[in-house]
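> Make a model of this:
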Amino acid sequence: MSAGSLFVAPDSGLRAFAETIAWLWRLGPVLESPDPAAVGLARQEDAAALRALVDAGELAGGIVFATRPGPEEGPTPNRRWEYGKASFGPGRTVEGQFSLFDGAGPIASSLGTHAVRADNWLVVGADPLAGWGSLRDHWLLPGLADFLVEVLDRPLLTLPALGCVRYDDLPGNAFQAILGRDHPDDKVERRVREVTEHFGAHGAPISFAVTPRTLVDGAEVDIESVWPRSVAAIAAGIEAGAIEPVCHGYLHLNTNDWAAGTPNPREFRDVERGEAERRVAYGLAWFERALGVTPASYVAPTWSYGPGLLEVLRERGLPAWLPVAPGALADAPFGRETLTSGMEGLVGFEYGPFAAMAAAGLPATVVVHGGLFDLRAGSLRDPRALATTARLVRRRDLFRFPWVEDVRWIGSRELLDRLHAHDRVGFEDGTVVNPDGAEIVVRGRSSA
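So this is what the prediction gives:
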């Protein structure tokens, strides 16, 4: 495969982000020594050292991430902070705190300029680690991709614009039962059927993360004893091809903490390997027995993967979804999610940032919980958001995602398979290497 095209100093905190975009765009291993054919990445405190390498011809170009406000410092322009709603075009408004520059630049919003460029030197007003997983910095990846294509004088190999929607915690679990947050069977059944019909009509499979056991009067029971009609509706949705099942733990409850009187959903945080094996085996058997299928993938409750669970999943080769964090999205048999479930930065119904991120090769993995928009509640407390709240009551986020333009929504297992296939794509002597024949986009050329 190709030599590395990105450089970060060995002591840089940006290595995880560099590895992310190197993986997304198949840029080879991240270099620890400068190379005239590579672009360097640095934070603003290291901008002068990076600029010296570029000026000396030891690097093809440089990208600096500058977020702290202050006056011009050598190669870093004057910058300021501003909190607000930044519109990057129709349907692409996000909310948050932004670092802005004076004058014009290649990336701008209604608030101002988010990046400035001078030939092979790019300064962006974002911290790619602090903002990772949010929609606020959706503009960052497309801007970096355009810069790298031009400065490296080579194309990028990206995933097509994909997305995956997962609906967690249906029909219910032990943690919800303890807190009194579970819902009656008839209400959950209606919700399952509505979701199934909606996604089926759009040809967009939705992943359901189901926990097989719950508590009734302190005793463990299978969920169909509490929600028989809901489980039957899930089975029907699976048979119709509209639902893709995901195993979501065993009880969704940390039993050690509960024995001490504290309800805690982080089920596998401190579970030993033997007990993790028992719970995983029970869950898989339940899916076969109750739903007639093997779950497409696995996700631990609250994304809390203890060492015992990870060991069991790896030994079984069971595909699982790891929590949001910078780095490669594929680590066989696992995959990594890309968005925090709170959808930080989302404004109203402006879902365009999902499409912008997906177009840059970062799949939009959207996770919604039982309340459909409860995780957005914090951003909807402003009285100016009353209109949005009212519209969400009539048609909530979950039912709007299939309408997002320019994103192809697929199931979680198909996305995992695509991530693992992308892990084997690359360049060799200027030729695209694609051993699995995976669908790729060649950014910077009309075709491969």
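> List the buried residues for the longest helix seen in the chain?
Looking across the chain with DSSP state H, the single longest helix is helix 185-201. For helix 185-201, a neighbour-count test (16 or more other C-beta atoms under 10 Å) marks 185, 188-189, 191-193, 195-196, 198-200 as buried. C-betas here are computed from N, CA, C, even on glycine.
> Check which element follows it along the chain.
Next helix or strand after helix 185-201 toward the C-terminus (DSSP states H and E): strand 206-210.
> quick one: that next one to helix 185-201, angle?
Angle, strand 206-210 to helix 185-201, by axes from the mean of the first three to the mean of the last three C-alpha atoms, to 10 degrees: 150 degrees.
> can you pull the buried residues of whichever helix or strand comes after strand 206-210?
For strand 206-210, the following helix or strand on the C-terminal side (DSSP H and E) is strand 213-216. Residues of strand 213-216 classed as buried: 213-215 (neighbour count, 16+ other C-beta under 10 Å).
> now the strands for the stretch 201-350 of the chain?
206-210, 213-216, 219-222, 243-247, 297-298, 321-322, 330-331, 334-336 (DSSP state E, counting those that start in this stretch).
> Columns pLDDT and distance to Ala387 on top of the buried residues of helix 185-201, output as JSON lines?
Output for these, formatted as JSON lines (pLDDT from 0 to 100; distance: C-beta to C-beta, whole Å):
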{"residue": "Asp185", "pLDDT": "97", "distance to Ala387": "34"}
{"residue": "Val188", "pLDDT": "94", "distance to Ala387": "29"}
{"residue": "Glu189", "pLDDT": "96", "distance to Ala387": "31"}
{"residue": "Arg191", "pLDDT": "91", "distance to Ala387": "24"}
{"residue": "Val192", "pLDDT": "94", "distance to Ala387": "29"}
{"residue": "Arg193", "pLDDT": "95", "distance to Ala387": "29"}
{"residue": "Val195", "pLDDT": "91", "distance to Ala387": "24"}
{"residue": "Thr196", "pLDDT": "92", "distance to Ala387": "29"}
{"residue": "His198", "pLDDT": "92", "distance to Ala387": "23"}
{"residue": "Phe199", "pLDDT": "92", "distance to Ala387": "26"}
{"residue": "Gly200", "pLDDT": "91", "distance to Ala387": "30"}
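> thinking again about what came up before, any chance of the strands of the stretch 201-350 of the chain in JSON lines, plus mean pLDDT and distance to Glu32?
Formatted as JSON lines, the strands of the stretch 201-350 of the chain follow (pLDDT from 0 to 100; distance: least, C-beta to C-beta, whole Å):
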{"stretch": "strand 206-210", "mean pLDDT": "95", "distance to Glu32": "38"}
{"stretch": "strand 213-216", "mean pLDDT": "97", "distance to Glu32": "48"}
{"stretch": "strand 219-222", "mean pLDDT": "97", "distance to Glu32": "51"}
{"stretch": "strand 243-247", "mean pLDDT": "96", "distance to Glu32": "38"}
{"stretch": "strand 297-298", "mean pLDDT": "96", "distance to Glu32": "34"}
{"stretch": "strand 321-322", "mean pLDDT": "96", "distance to Glu32": "25"}
{"stretch": "strand 330-331", "mean pLDDT": "94", "distance to Glu32": "21"}
{"stretch": "strand 334-336", "mean pLDDT": "97", "distance to Glu32": "23"}
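> Low-confidence ranges, the chain, go.
Scanning the chain with the threshold set as pLDDT under 70 gives 1-2, 370-375, 377-379, 381, 445-448.
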